[in-house]
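[1] What would the 3D arrangement of this be:
(chains A, B, C and D)
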2 protein chains.
Amino acid sequence: MISKAAKLDALPDEALTLGQQLCFAVYSAAHAFNRTYKPLLDRFGLTYPQYLVLLALWQQDSMTVKRIGEELGLDSGTLSPLLKRLEAAGYVRRMRDPADERQVIVSLTEGGRRLKTEAFTILAEIGKATGCSLEEVSELRDALHRLTQRLGANNLEN
Amino acid sequence: MISKAAKLDALPDEALTLGQQLCFAVYSAAHAFNRTYKPLLDRFGLTYPQYLVLLALWQQDSMTVKRIGEELGLDSGTLSPLLKRLEAAGYVRRMRDPADERQVIVSLTEGGRRLKTEAFTILAEIGKATGCSLEEVSELRDALHRLTQRLGANNLEN
DNA sequence: CAAAATTAATTTGCGTGCAATTTAATTTTG
DNA sequence: CAAAATTAAATTGCACGCAAATTAATTTTG
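    This is a model prediction of the structure:
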């Protein structure tokens, strides 16, 4: 007899395998990236999410916490303590916006700007570690962007 | 004068943009999946990593903590407390292997096995949320598996 | 076979992530 | 213009995820 699940959803048992899950492939790749970045970032006392904040600030300096959160998809509950650590490490400065005291403006220090030079080296090492051609990278990246967009669209429907 | 980084690595400034990073695309997709799964798993009192453990056990019941860790790429520092919570929730049982008391064997309870039926529904909802065809899913998944493999190979070289 | 080395889990400490609450400032509106 | 609503950060609580230290059991080896 065919299993109840198969009858209901017309999905075979193998569809539930770890190796078949796109979500698990993404989850594993994210961890693999983290592990690859770790030794490269450790030298600067940075974690990967802290490095992402710096990437955002190198692109556009002096953003509010909210704006950084929109760039990275993180909320203030994550960013507030993270930014304090980045400030303690000497890479950013935080100050209340005089025009709107609710907002905190985060900007790069001289040390934070200087680090951008090193980032190109990190970028090159990561590129080598992926073993992907530039075309492969952009194709995979764009496919993931589309996926993220579609998943996000679903979450707003509530 | 041309910047040191540009001379060394021949990488333009745009290469350092958030949107250009494959790692950030993976990072964002992982979070998007998490957010999509959350409401589906909340009904069963499960977190996403806990769900991954169940996926592994539905595929192959009664594994040691170490074996589960190999399947998921997690260490015992993560799994020990997670498995205790899964046990408290009534989905798994943990017992020392009588043949080797160092090992702990994790197996599904009746409740854990029953949950597998619901998993097919979750799977279908996630599939719909991704908006990907089966071909797209397997292509993207395999590309990510290759990427993870190459990144992991690098980490072992030390 | 007893000491040393190895192995499997657990525990501890720290840094995310996120939901929910709190605090303070600004905007809306009655 | 003052009360109510909204907004931005910070804080709190909980669950990963990982490194490092600890504990207990097994294996190796001298």
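[2] Send over the helix or strand encompassing A:F120 as PDB, restricted to the C-alpha atoms.
    Element membership of A:F120, judged by DSSP states H and E, is helix A:110-130. The C-alpha trace of helix A:110-130 is given here as PDB (Å, rounded to 0.1, in the frame of the first residue of the first chain):
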ATOM      1  CA  GLU A 110      40.100  56.400  10.400                       C
ATOM      2  CA  GLY A 111      40.900  52.800  11.400                       C
ATOM      3  CA  GLY A 112      37.700  51.600   9.800                       C
ATOM      4  CA  ARG A 113      38.500  53.400   6.600                       C
ATOM      5  CA  ARG A 114      42.000  52.000   6.600                       C
ATOM      6  CA  LEU A 115      40.700  48.500   6.900                       C
ATOM      7  CA  LYS A 116      39.000  48.800   3.400                       C
ATOM      8  CA  THR A 117      42.400  48.200   1.800                       C
ATOM      9  CA  GLU A 118      42.800  44.900   3.600                       C
ATOM     10  CA  ALA A 119      39.300  43.900   2.500                       C
ATOM     11  CA  PHE A 120      40.400  43.600  -1.100                       C
ATOM     12  CA  THR A 121      42.900  40.900   0.000                       C
ATOM     13  CA  ILE A 122      40.200  39.100   1.900                       C
ATOM     14  CA  LEU A 123      38.000  39.300  -1.200                       C
ATOM     15  CA  ALA A 124      40.700  37.800  -3.300                       C
ATOM     16  CA  GLU A 125      41.300  34.900  -0.900                       C
ATOM     17  CA  ILE A 126      37.600  34.100  -0.700                       C
ATOM     18  CA  GLY A 127      37.300  34.200  -4.400                       C
ATOM     19  CA  LYS A 128      40.100  31.700  -4.600                       C
ATOM     20  CA  ALA A 129      38.400  29.500  -1.900                       C
ATOM     21  CA  THR A 130      35.100  29.400  -3.800                       C
END
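[3] Please pull up the helix or strand immediately following it.
    helix A:134-156.
[4] For burial, what's the neighbour tally of A:V53?
    Per other C-beta atoms under 10 Å in any protein chain shown, the neighbour tally for A:V53 reads 26. No exception for glycine: its C-beta is placed from N, CA and C like everyone else's.
[5] and it, how far is that from B:Q21?
    When C-beta to C-beta, to the nearest Å is the yardstick, A:V53 and B:Q21 sit 13 Å from each other.
[6] Next, count neighbours for the residue in chain A positioned nearest to DNA strand C.
    DNA strand C sits closest to A:G77 of chain A, with a gap of 2.7 Å, by C-beta to the nearest atom of the strand. Neighbourhood size, A:G77 [other C-beta under 10 Å]: 9.
[7] now do A:L151
    23.
[8] Return the residues in contact with A:L16.
    B:L55, B:W58, B:Q59, B:K116, B:A119, B:F120, B:L123 (C-beta atoms under 8 Å, 6 or more residues apart in numbering or on different chains).
[9] ok, 10 Å please
    A:L16 makes contacts with A:A5, B:L54, B:L55, B:W58, B:Q59, B:K116, B:A119, B:F120, B:I122, B:L123, as judged by C-beta atoms under 10 Å, 6 or more residues apart in numbering or on different chains.
[10] could you redo those residues as JSON lines and give each row pLDDT and neighbour count?
    Converted to JSON lines, those look like this (pLDDT from 0 to 100; neighbours: other C-beta atoms under 10 Å in any protein chain shown):
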{"residue": "A:A5", "pLDDT": "45", "neighbour count": "20"}
{"residue": "B:L54", "pLDDT": "98", "neighbour count": "22"}
{"residue": "B:L55", "pLDDT": "98", "neighbour count": "22"}
{"residue": "B:W58", "pLDDT": "98", "neighbour count": "18"}
{"residue": "B:Q59", "pLDDT": "97", "neighbour count": "16"}
{"residue": "B:K116", "pLDDT": "96", "neighbour count": "17"}
{"residue": "B:A119", "pLDDT": "96", "neighbour count": "20"}
{"residue": "B:F120", "pLDDT": "96", "neighbour count": "21"}
{"residue": "B:I122", "pLDDT": "96", "neighbour count": "18"}
{"residue": "B:L123", "pLDDT": "96", "neighbour count": "20"}
